[in-house]
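Chemist: I'll drop the sequence and a predicted model, then ask my questions.
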Amino acid sequence: MPLMPKPLSIFVSALSLGLMAAFLLAAPASAAPGSCEPPLAVKLNSHDPTALLENSQAWVYVPRGARVHNVRVFVKRGSQVFAAGRITGRLPSGRTTVIRLNRKSEVNRGKYRIVAIARKGGCRKARAKTRQWGFASPSLPVKALPYSTRVNDNIGTVRFALRPISRSQIGSVRASLINSNGATVAEVVVPELGRNQVVAELPISQKLAPGSYTVKLVGQETSSDIWRTSKQSVKFIAGGGAAAPVVPTGMEVQRISVNWNSGQWQGRQVAGFIAPGIGYGEVVCSPNQQWVRFFPSNGGRESAMMTWTDKNWGNWREFALREAKYATGTGPDFREGLNKFGPTETWSRGNFEGIISDRGPMEGPGGASLAPPTTFDLDWEWDFSRPGKARCKVSAVFRTQTDQEDLPLARSAQVVWRGETNATPENTVSTVDFPGLGEVEVVCQAGPTGERRLIVNNSDVGGRVVSREGSEETSTPFETGPIETKLPNNGMLFVQLNSGERILVSSRWKANDPAPEKNWCVIAAQIYTP
């Protein structure tokens, strides 16, 4: 009897060890889903369904030191997927990564789910993380962007570029500028916007005071006859004067400015412009985004933006010819970045010299009437090295011809044909008469030996011709005219005439394909007085 406790203690110890072993073996299985849940936070860029029409984004934040790979994001309601996007590879930790979403179905007011599926570092399988997301009623699908947020650029009128989002059909629109006290300081009614872009000039009786404002748009969607409202925040500050309205002449001039400092970029990071007859653009400079983004107004026509870029980082400089375009199979917009790297460089300065052109109906033969090109010069400088002192300044001038004759003046010559059977004499030559220069002619013929030239026929006016292709530019002086120079195969011409006028040309052509129907030529030239 005295020996009985010993076996009992041994039994209890064995039972304890067995239970502990069973717990240790079972613990990893029960804890695995939690331990391998991806350490990330995800949200969308807006609670407004209208924002998803052209700028649907998921923002994924990964904590510092965490490892997350191959993220897929879905916006769902029940089993239906309304938007989806993905990014491969390892996401940087300690910062937010933007994932562009492709919209699958129309989103309306209500509750949805954001599902992020990713693999945590050290885990074999990807797992999902879900959060709820509520959408409000859709706002009016119209954007209003200022030409400048400096008060001296808005004397007498405050100018906004209005455009429908995602080519929505819009009827009457009332645009109001409301100050921080809730008072309306300027207002204008656009009788019908349609699918077009307009410059809305809101008259003001006194000088605009620096401060925060709201742009309120009330308008009617033509497709549904529903009246909707949208509100956008904008902040005006002191200074300016360089982007003031320009008196209409034979050249429409739009001067825009993005200018902020001390890290205060919200409401001041965007400026809008219009390429008449082609579409609408916006210049963006914030710590997260720096680009020229363009939205063609006609989904059935090809358009393009060719730029000669000069990017300078102090100890390194890069020149390059770039082209972005809207064509069959591309997205609803195109853009050219001011930055080169991601994440964005902490310091950069540079300039663009560019031309935005209409290339007629998608894959059409050519010969159709074309909207005149819009040329531009754009300069920027930013310093994002210290968030509290971050700054950015972008200035740009956009030029388009008008039907007036007064100086300063802009005129254009354009050639578009696709397929050699459409390279007729009418489609291969474009001539315009410019005061003081006589005829300026663009020729782009078919065939390997066809003529492809720019000609300025005035024999008394010389100048300098700069040809740009790839990352190289060559300069050729002409002491006297006429000036005749080859069109680059995939490049740009800049001509500075001794009489002061300038010519900018975007030139792309293909003439050596054995299949004649696959050859083509698209040339856009603008002659203008500076």
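Modeler: Thanks, I have it. Just so it is clear, the structure is predicted and the values come from calculations on it, not from any experiment. Residues are numbered from 1 along each chain as shown.

Chemist: just name the shakiest helix or strand of this structure by mean pLDDT.
Modeler: Taking mean pLDDT, DSSP states H and E as the measure, helix 5-35 is the helix or strand of the chain with the lowest mean score, a mean of 40.

Chemist: the domain parsing of this protein - what is it?
Modeler: Domains of the chain are assigned by automatic domain parsing as 41-135, 140-242, 246-406, 410-528.

Chemist: now the ones you listed in CSV, with mean pLDDT and mean neighbour count?
Modeler: Using the backbone N, CA and C atoms, a C-beta is placed for each residue, glycine as well. Formatted as CSV, these follow (pLDDT from 0 to 100; neighbours: other C-beta atoms under 10 Å):
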stretch, mean pLDDT, mean neighbour count
domain 41-135, 94, 16
domain 140-242, 92, 18
domain 246-406, 94, 18
domain 410-528, 96, 18
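
Chemist: how about these in TSV, adding distance to Ser35?
Modeler: As requested, the domains of the chain are exported to TSV (distance: least, C-beta to C-beta, whole Å):
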stretch	distance to Ser35
domain 41-135	8
domain 140-242	42
domain 246-406	30
domain 410-528	50
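
Chemist: do I have it right that Val415 meets Cys444?
Modeler: Yes - Val415 is within contact range of Cys444, at 4.6 Å (criterion: C-beta atoms under 8 Å).

Chemist: ok, for Pro516, nearest residue in space, not its chain neighbours?
Modeler: Excluding the flanking residues, the one nearest Pro516 by C-beta to C-beta, 6 or more residues apart in numbering is Glu420, at 3.9 Å.

Chemist: any idea how far Gly121 is from the one you found?
Modeler: Glu420 is 57 Å from Gly121, where distance means C-beta to C-beta, to the nearest Å.

Chemist: same thing with Arg109?
Modeler: According to C-beta to C-beta, Arg109 stands 38 Å off from Gly121.

Chemist: for Asn422, same thing?
Modeler: Distance, Asn422 to Gly121, using C-beta to C-beta: 57 Å.

Chemist: joint contacts of Val415 and Cys444?
Modeler: In terms of C-beta atoms under 8 Å, 6 or more residues apart in numbering, Val415 and Cys444 are both contacted by the residues Thr428, Cys521, Ile523.

Chemist: those into JSON lines, with extra columns for distance to Tyr147?
Modeler: Output for the shared contacts of Val415 and Cys444, formatted as JSON lines (distance: C-beta to C-beta, whole Å):
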{"residue": "Thr428", "distance to Tyr147": "38"}
{"residue": "Cys521", "distance to Tyr147": "35"}
{"residue": "Ile523", "distance to Tyr147": "30"}
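
Chemist: how far off centre is the longest strand along the chain?
Modeler: Longest strand of the chain, by residue count under DSSP state E: strand 347-361. Mean-position distance between strand 347-361 and its chain equals 11 Å (C-alpha atoms, centre = their mean, to the nearest Å).

Chemist: adjacent strands (with direction) for that strand?
Modeler: Strand pairing for strand 347-361, using DSSP bridges, gives strand 301-312 (antiparallel), strand 374-383 (antiparallel).

Chemist: would you list those strands in a markdown table and tack on distance to Gly342?
Modeler: Listed next are the strands paired with strand 347-361 as a markdown table, based on distance: least, C-beta to C-beta, whole Å:
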| stretch | distance to Gly342 |
| --- | --- |
| strand 301-312 | 14 |
| strand 374-383 | 15 |
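
Chemist: one step back: quickly name whichever of the shared contacts of Val415 and Cys444 is closest to Ser385.
Modeler: The nearest member of the shared contacts of Val415 and Cys444 to Ser385, counting by C-beta to C-beta, is Ile523 at 42.6 Å.
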